[in-house]
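Visitor: Here is a sequence together with a model predicted from it:
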Number of protein chains: 2
Amino acid sequence: MSAASTPESEEPRTSGEGRTRREQLLAIAGRLFAEKGFRNTTVRDIADAAGILSGSLYHHFDSKESMVDELLVPFQTELFAKYDAILASEDDARAKLEAAVRVSFEAIDQHPHEVAIFQNDADHLGSFERFGYLAERNAQSRQVWVSLLEEGVRTGVLRPDLDVTLTYRFIRDTVWVAVRWYRAGKGLTHTDVAEAYVRILLDGIAA
Amino acid sequence: MSAASTPESEEPRTSGEGRTRREQLLAIAGRLFAEKGFRNTTVRDIADAAGILSGSLYHHFDSKESMVDELLVPFQTELFAKYDAILASEDDARAKLEAAVRVSFEAIDQHPHEVAIFQNDADHLGSFERFGYLAERNAQSRQVWVSLLEEGVRTGVLRPDLDVTLTYRFIRDTVWVAVRWYRAGKGLTHTDVAEAYVRILLDGIAA
DNA sequence: AACCCTACCAAGCATTTGCTTGGTTTCGGG
DNA sequence: CCCGAAACCAAGCAAATGCTTGGTAGGGTT
């Protein structure tokens, strides 16, 4: 069944399906949440995929909600740290915008399940107190993009007549919704996609 | 079962919450499906919103699935008729592209619930035989955009080095995902949004 | 008055859901 | 050989879910 117990060391392997049984189960849950949505994934689905009974999951986790929580929080912490680094950099607005796009597609590449869960279930989860931070992160994300766009307009890098709010929505939507079709290791890499997107965004598709 | 036998008078009112009780209930169901997703909307939710008991819904409809079906089919029939008209027109590729974008945002304006349901639940519903037509419509939609883009490249209206498949995804995603934030009667009209989007898409946001 | 027809209620059934409880297996360290 | 911790099973409970069944209220037609 398991094949987990490594006699030596117990060193963290950081990659793949996770090193502890707990992390394996979390990875499985994340995949299912991303595929079928949080509410449409039952604890029995998760247990079946892991080859155990549903009750056994509660040896590892308090609740189904704890599982999403543990998936989303570290992911967002990591992502927003990168955004902050970009905002604090010395590059011009255009370079920062490109960097933010790149970082986002990188997140889709490396944490597709977390991104998908946030995209599909944030609204629903946000209605519970426990997940109030989701709305905050949303506002924070808006802040990142809007400030970058405003800086771009101010410094003359972007069109002066740009509707910043509308443009923000277009960027946000197009970037994150890519999680629906992008698959790591198939076809274009995330840097390819980011590059192509930045090109369209900045210069359009017209001849 | 069928109804429809209105001898005289009882003219269709076409607008608002629907003229027959049946249409009212369908509108309520559509709103809830769009807000919470198909699977996460219970027949009791719908009945509560309509002020009746859940069992009473089955006087009007065979099943919950029949309700989505009746919402999606007419909507898609109408939408694709418009796409076909655009494809058959004599305009150049750029004008056709703009028209297709406009028609799409118009659909979001006039049938937001149907669009949202299709966006959020098509994957899940598509796994049932009954909703096989959803995948067909998806392919058909792809055909529309890809052929327009290819025509644009061929006739020199669009950049010759354009990745048509990637661009199709960007357009599709950005257009339809707008259903998440666009609200009819609030702020920009759907024509405003379509215009702004076409501008970004064709010419970019750079100065 | 007799009749339908539409719209609904009241009650419930079988299944699914998240989660609980108490017990069992496995395995390395002492 | 015993121990303890981690991982799991077996069984079930209360609530929610889609749907069924048999009945009723009210209006219009004849």
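Guide: That came in fine, so what should we check first?
Visitor: CA atoms for contacts and neighbours, from now on please.
Guide: Noted.
Visitor: got any ranges where chain A has weak pLDDT?
Guide: Scanning chain A for pLDDT under 70 picks out A:1-18.
Visitor: Run through the residues of it sitting next to DNA strand D.
Guide: A:2, A:20, A:21, A:22, A:51, A:52, A:53, A:54, A:55, A:56, A:59, A:60 (C-alpha under 7 Å from any atom of the strand).
Visitor: please redo it, this time with the cut-off set to 6 Å
Guide: Contact residues, chain A versus DNA strand D (C-alpha under 6 Å from any atom of the strand): A:2, A:20, A:21, A:52, A:53, A:55, A:56, A:59.
Visitor: I figured residue A:40 was touching residue B:37, is that so?
Guide: No: Residue A:40 is beyond contact range of residue B:37, at 10.1 Å (criterion: C-alpha atoms under 8 Å).
Visitor: More neighbours: the two, which one.
Guide: Neighbour totals were compared for residue A:40 and residue B:37, and residue B:37 leads with 19 against 14 (other C-alpha atoms under 10 Å in any protein chain shown).
Visitor: show me what contacts the more buried one?
Guide: With contacts defined as C-alpha atoms under 8 Å, 6 or more residues apart in numbering or on different chains, the neighbours of residue B:37 are B:117, B:120, B:121.
Visitor: Kindly provide the distance from it to DNA strand D.
Guide: With distances taken as C-alpha to the nearest atom of the strand, to the nearest Å, residue B:37 is found 10 Å from DNA strand D.
Visitor: Likewise for residue A:83?
Guide: The spacing between residue A:83 and DNA strand D, counted by C-alpha to the nearest atom of the strand, is 35 Å.
Visitor: Could you confirm that residue falls within a strand?
Guide: No: applying DSSP: H, G, I helix; E, B strand; the rest coil, one finds residue A:83 to be helix, outside a strand.
Visitor: For it, which non-adjacent residue is spatially closest?
Guide: residue A:100 (6.5 Å; C-alpha to C-alpha, 6 or more residues apart in numbering or on different chains).
Visitor: try residue A:180
Guide: residue A:116 (7.5 Å).
Visitor: Can you classify residue A:100 by secondary structure?
Guide: helix.
Visitor: thinking again about what came up before, could you dump the contacts of residue B:37 to CSV with secondary structure and neighbour count?
Guide: Converted to CSV, the contacts of residue B:37 look like this (DSSP: H, G, I helix; E, B strand; the rest coil; neighbours: other C-alpha atoms under 10 Å in any protein chain shown):
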residue, secondary structure, neighbour count
B:117, helix, 23
B:120, helix, 18
B:121, helix, 16
